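Asks: using only what follows, build the 3D model:
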Amino acid sequence: MADRSPIAIVGAGSIGTGFALVFAGKGHAVRLYDIAPERLATAVANLHQRLGDLAEFDLLDAPPEAIAARVTTTSSLEAALADAVLVIECAPENLATKLAVFTSLDRLAPAEAVLASASSAIPISATAGNLAGRHRCLVAHPGNPPYLLPVIELVPAPFTAPATVAAATALFAAAGMRPVRLEKEIDGFVFNRLQGAVLREAYRLVQDGIASVDAIDTVMRAGLGRRWAVIGPFETADLNVEGGIEAHAARMGAAYARMAEQHGEAGTWDADLIAEVTAQRRALLPLEQWHEATVRRDRALMALERCRRASPELE
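Replies: From the prediction side, this is the model:
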């Protein structure tokens, strides 16, 4: 596979190293920058270890040594940014740090390069709102590790140019990731707000003496996690009750509302909101195809269970 346009990654922590694996694995020359030489050395060691693991599981498109050769490390930001079409900032989750980094990126990166922040919660309007080149800036929030969790949340600010979103979408998709565009900025984006909601309830259950940490993790590993590995929460609700998500809301909405109200949260399931969610689900899956979808769900779970039984790592 011939090298593609260079990708610059600013920050050699676990996320930066993960992005290096993603893009090098798809043929890009990757320049991994960090101000600390020891972090670069650690990143190289981790990259080789991960490549060996990925090769063991037949998850690489090229030999590990060929992919590793596409990644170069540098403590020169100018060298990292030269000719880059995409720059991914992977600095610590600190606004002052990100402001300083983006000021340098806007000054030094090629004029047409997309500048993406891998922030977990900070919107790009807070990071790049005062930059002359703010039109080419957006958040690109991955799951961790990005070489195994392909979702990438693209979160533009109102000032982000549509061409920037389109270019970022194309680059991440070509690297095998699954871009999801958010329509508005919000702290934590979608991934961490959903994750945070589960964590908040998990902590409450421990605090209230309902279940142990291990019991809660077991419920997730052996139940919700397995189901959510193949379908999301709306699709889960849609397929759990014959008649779809509208029937599910009618049957379970009051119970879920009570659970929320026990902790002082709004518990009303608004009829208009349920109608909107129902309309979106029916556009994705006509109700007459409901039975076939439940069969596909079950077969996907069967495939996962077959892998689990054959793989001691999953027990």
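Asks: which residues does the helix or strand bottoming out on mean pLDDT in the chain contact?
Replies: Least confident helix or strand, the chain: helix 245-261 with a mean of 90, by mean pLDDT, DSSP states H and E. Helix 245-261 is touched from outside by 234, 237-238, 240-241, 266-269, 274-275, 277-278, 281, with contacts defined as CB atoms under 8 Å, 6 or more residues apart in numbering. All C-beta atoms are positioned from the backbone trio N, CA, C, and that covers glycine.
Asks: any idea how far the helix or strand encompassing residue 153 is from the chain center?
Replies: Using DSSP states H and E, residue 153 sits in strand 151-156. Distance of strand 151-156 from the chain centroid (CA atoms, centre = their mean, to the nearest Å) equals 7 Å.
Asks: for stretch 69-78, same thing?
Replies: On the basis of CA atoms, centre = their mean, stretch 69-78 sits 24 Å off its chain's mean C-alpha point.
Asks: which positions within it qualify as buried?
Replies: 70-74, 77 (16 or more other CB atoms under 10 Å).
Asks: give the rounded mean pLDDT of it.
Replies: Across stretch 69-78, the average pLDDT comes to 98.
Asks: part of a strand, is residue 73?
Replies: Yes: looking at residue 73 with DSSP: H, G, I helix; E, B strand; the rest coil, it is inside a strand.
Asks: relative to residue 17, how far out is it?
Replies: Look at residue 73 and residue 17: by CB to CB, to the nearest Å, they are 10 Å apart.
Asks: find residues that contact each of the two.
Replies: Residues touching both residue 73 and residue 17 (CB under 8 Å, 6+ apart): 32, 43.
Asks: between the two ends of stretch 168-186, how far is it?
Replies: With CA to CA, to the nearest Å as the measure, stretch 168-186 spans 19 Å from end to end.
Asks: how far is that stretch from where the chain is centred?
Replies: Centre-to-centre, stretch 168-186 and its host chain are 9 Å apart (CA atoms, centre = their mean).
Asks: go on, stretch 240-257?
Replies: Between the centre of stretch 240-257 and the centre of its chain there are 28 Å (CA atoms, centre = their mean).
Asks: how about the CA coordinates for it, as CSV?
Replies: As requested, the backbone C-alpha atoms of stretch 240-257 are provided in CSV (Å, rounded to 0.1, in the frame of the first residue of the first chain):
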residue,chain,number,x,y,z
ASN,A,240,-37.3,-5.6,22.9
VAL,A,241,-41.1,-5.1,22.5
GLU,A,242,-43.3,-6.2,19.6
GLY,A,243,-44.7,-3.0,18.2
GLY,A,244,-41.4,-1.2,18.4
ILE,A,245,-40.1,1.7,20.4
GLU,A,246,-43.5,3.4,20.8
ALA,A,247,-44.8,0.2,22.4
HIS,A,248,-41.7,0.0,24.6
ALA,A,249,-42.2,3.6,25.8
ALA,A,250,-45.8,2.9,26.7
ARG,A,251,-44.8,-0.2,28.6
MET,A,252,-41.6,0.9,30.3
GLY,A,253,-41.6,4.7,30.2
ALA,A,254,-43.3,5.2,33.6
ALA,A,255,-40.8,2.8,35.3
TYR,A,256,-37.8,4.6,33.8
ALA,A,257,-39.3,7.9,34.8
